[in-house]
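Asker: need a 3D model of the sequence below.
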Amino acid sequence: MNIHLISIGGSVMHQLAIALKRKGYQISGSDDEIFEPARTNLEKEGILPAVIGWNPEKISTELDAVILGMHAKADNPELLKAKELNIPIYSFPEYIYKESLNKTRIVVGGSHGKTTTTSMIMHVLKHAGKDFDYLVGARLEGFDQSVKVTDAAYIVCEGDEYPASIVEKRPKFHFLFPHIAVLTGIAWDHINIFPTFENYVAQFQILIGKIKSGGHLIYNETDDVLNDLVKKTRRDDLYYHPYSVPPHTITAGKTTMSIEGAEVPLKVFGNHNLMNAQAAWLVCKQLTISATQFGNAIRSFTGAAKRLELVAQNDSTIIYKDFAHAPSKVKATMEAVKAQFPGKKLVAVLELHTYSSLNETFMQEYKDVMAPADEAAVFFSKHALELKRLPELKKEVVQQGFHSSNLTICNTKEELEKWLNDQKFANTVLLFMSSGNYDGLNIESFAKTITQNNA
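Answerer: Below you'll find the model as predicted:
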């Protein structure tokens, strides 16, 4: 196969390029900018474009396929040339489906928890010695890539609801046609793409309709919206596996989960992670993994990158960072930390960084989500607003949306740093939540200073 990738420098696109190169395909690609680590990764594999920019001369009838990345525009000259020559053009998920036609496809979707659940399944399958392909949206310990494409019998995919490409506006997970589907929950997000809650829910209804006949739907029955949707779309040709928070105990900050009567200590915590683990178990059970095998594997799972990731700690202070940004994710993360460390003060910082979170009309969705914190701050950057071409966001609007009188609102890095430096961190859990970088705040350096000073 001779394949060209437009926007090869993307975080997932470059991983796909490497996976296909390792499978033995002839790979070329282009992009108008390639940052680290993609640049070094592509260079090591010998597929870094010699020249940055678009070059229609790379597109010829010798190509078997063109894969179009998310960041390519509709008027991309290479895309236009491929259309002119009638070369097959695929979005990322469409091509993954093409490569997995003869595989059992496991797809994990939902508004929250899909990366962790996907990672848990991958961790267990690897521990059990299963050969499988995968697609996951985060770095995972023990895996050098986030995409693997071989001739394995299984593929485990994190399926998200973002558009597949600039040409194909339908969600990525609509193109994967799972044999086993997991739905972790539905909470409205991405209002720049899905303008109404009903429109957002409809995407999950379509996904349920695309599960292969005779397949399995594993779903979080504690989510009222999802539970109602499953009832509404029930099919006679599917097997249904509802799940909820499994039996567990928390002792001295350590969580132990019960799996078919066996007590399994976990390195992750929180009701959301317990449900992620239960969903992963139900998937692995369908793949002939025993409860003993699952328990032996999941006890060593430390989490996906930036998902309640431990940054630093001493006997008094613990510091985590988390990818949480949507209201449901923030709420779940806050509740998890509070339940895990009931005797400690919780100091929480949330950065508003996405289109939805920086939108005035969406702000009310955050009502009371920071309430579990003893001290809390919400940060947003004027620079982020400018990059997304959003109007000015006033602090009072954020304050009203979160509906919390003891909440500090910061819109400069200096304000946030001052607030942090004014806090007392003895007997405290400090939690940073964001999909951004706090306008360049060095969390690791700050955490190191705090844990040393409070030792």
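Asker: switch to C-alpha atoms for all contacts and neighbour counts from now on
Answerer: Will do.
Asker: can you pull the contacts of M275?
Answerer: M275 makes contacts with N220, Y243, S244, V245, P246, as judged by Cα atoms under 8 Å, 6 or more residues apart in numbering.
Asker: could you rerun that using 6 Å?
Answerer: For M275, the contact set (Cα atoms under 6 Å, 6 or more residues apart in numbering) comprises S244, V245.
Asker: against V225, how distant is it?
Answerer: 16 Å (Cα to Cα, to the nearest Å).
Asker: cool, D315 as well?
Answerer: Counting by Cα to Cα, the gap from D315 to V225 is 41 Å.
Asker: could you do Y154 as well?
Answerer: 30 Å.
Asker: these two - which one has more neighbours?
Answerer: Y154 (19 against 14; other Cα atoms under 10 Å).
Asker: so how far is the least confident helix or strand in the chain by mean pLDDT off the chain centroid?
Answerer: Across the helices and strands of the chain, mean pLDDT, DSSP states H and E gives its lowest value to helix 382-387, namely a mean of 86. In terms of Cα atoms, centre = their mean, to the nearest Å, the centre of helix 382-387 is found 23 Å from the chain centre.
Asker: show me which residues of it are buried.
Answerer: By neighbour count on 16 or more other Cα atoms under 10 Å, the buried set for helix 382-387 is A384, L385.
Asker: what's in contact with the helix or strand following it?
Answerer: Once helix 382-387 ends, the next helix or strand along the chain (criterion: DSSP states H and E) is helix 395-402. Helix 395-402 has contacts (Cα under 6 Å, 6+ apart) with M363, Q364, Y366, K367, D368.
Asker: read off the pLDDT value for the third one.
Answerer: Read it as Y366. You'll see Y366 listed with a pLDDT of 93.
Asker: give the contact list for it.
Answerer: P327, F402.
Asker: any idea how far I89 is from it?
Answerer: 40 Å.
Asker: Q340 now?
Answerer: 48 Å.
Asker: do I443 as well
Answerer: Distance from I443 to I89, by Cα to Cα: 41 Å.
Asker: repeat that for F402.
Answerer: F402 is 44 Å from I89, by Cα to Cα.
Asker: again with K21
Answerer: Taking Cα to Cα, one finds K21 at 18 Å from I89.
Asker: same check, this time on E415
Answerer: Counting by Cα to Cα - E415 and I89 are separated by 48 Å.
Asker: out of those two, which sits in the more crowded spot?
Answerer: The neighbour comparison of E415 against I89 (other Cα under 10 Å) goes to I89, with 19 against 14.
Asker: I figured the more buried one hits V66, correct?
Answerer: Yes - counting by Cα atoms under 6 Å, I89 does reach V66; the two are 4.8 Å apart.
Asker: distance from the chain centre to the lengthiest helix in the chain, please.
Answerer: If you go by DSSP state H, the chain has its longest helix at helix 271-286. What separates the centre of helix 271-286 from the centre of its chain is 16 Å, taken as Cα atoms, centre = their mean.
Asker: stretch 285-295 too?
Answerer: Taking mean C-alpha positions (Cα atoms, centre = their mean), stretch 285-295 and its chain are 24 Å apart.
Asker: can you list the domains in this protein?
Answerer: 2-87, 95-298, 309-453 (automatic domain parsing).
Asker: just the endpoints, please. Distance across the last one?
Answerer: Using Cα to Cα, one end of domain 309-453 lies 21 Å from the other.
Asker: kindly report the same for stretch 317-328.
Answerer: Stretch 317-328 end-to-end distance (Cα to Cα) = 26 Å.
Asker: ranges for the helices of this structure?
Answerer: 13-23, 38-45, 77-84, 92-99, 114-127, 197-209, 224-232, 271-286, 291-298, 327-340, 382-387, 395-402, 413-422, 443-453.
Asker: which one of the contacts of helix 395-402 is nearest V108?
Answerer: Y366 (25.3 Å; Cα to Cα).
Asker: so that closest one versus A377, what's the distance?
Answerer: In terms of Cα to Cα, Y366 sits 13 Å off from A377.
Asker: and the contacts of stretch 426-436?
Answerer: Taking Cα under 6 Å, 6+ apart as the rule, stretch 426-436 contacts 316-325, 344-351, 353.
Asker: pull out the buried members of those residues.
Answerer: Here, 16+ other Cα under 10 Å leaves 317-325, 344-351, 353 buried among the contacts of stretch 426-436.
Asker: need the contact list for S445.
Answerer: Counting by Cα under 6 Å, 6+ apart, there are no residues that S445 touches.
Asker: who does T255 form a beta bridge with?
Answerer: Applying DSSP bridges to T255 gives these bridge partners: I250, L266.
Asker: okay, now it: neighbour count?
Answerer: By other Cα under 10 Å, 18 other residues sit near T255.
Asker: what does the pLDDT read for it?
Answerer: On the pLDDT scale, T255 gets 94.
Asker: quick check on the residue of the chain positioned farthest from its centre: phi, psi?
Answerer: Computed with Cα atoms, centre = their mean, the residue of the chain farthest from its C-alpha average is T61, at 36.5 Å. T61 adopts backbone torsions of phi -70, psi -10, taken as degrees, to the nearest 10.
Asker: parallel or antiparallel, list what pairs with the top strand by length along the chain.
Answerer: In the chain, assigned by DSSP state E, the strand with the most residues is strand 345-352. In the sheet, strand 345-352 lines up against strand 375-380 (parallel), strand 428-433 (parallel) (DSSP bridges).
Asker: and the ones you listed: which comes nearest A181?
Answerer: Nearest to A181, of the strands paired with strand 345-352 and by Cα to Cα, is strand 428-433 at 28.1 Å.
Asker: pLDDT (mean, whole number) over that closest one?
Answerer: pLDDT averaged over strand 428-433 gives 96.
Asker: kindly report the same for stretch 192-208.
Answerer: Stretch 192-208 comes out at a mean pLDDT of 92.
Asker: can you list contacts of it?
Answerer: H174, W188.
Asker: which positions in that stretch come out as buried?
Answerer: Neighbour count says stretch 192-208 has I193, F194, Y200, V201, Q203, F204, L207, I208 buried, by 16+ other Cα under 10 Å.
Asker: before we move on, what about stretch 26-44?
Answerer: Residues of stretch 26-44 classed as buried under the neighbour-count rule (16+ other Cα under 10 Å) are Q26, I27, S28, G29, S30, D31, I34, A38, R39, N41, L42.
Asker: relative to E351, how far out is the nearest residue to the last one once chain neighbours are set aside?
Answerer: For L42, ignoring the flanking residues on the chain, the nearest one in space by Cα to Cα, 6 or more residues apart in numbering is L48 at 4.8 Å. Distance of L48 to E351, given as Cα to Cα: 34 Å.
Asker: ditto for Q399
Answerer: Going from Q399 to E351 by Cα to Cα gives 14 Å.
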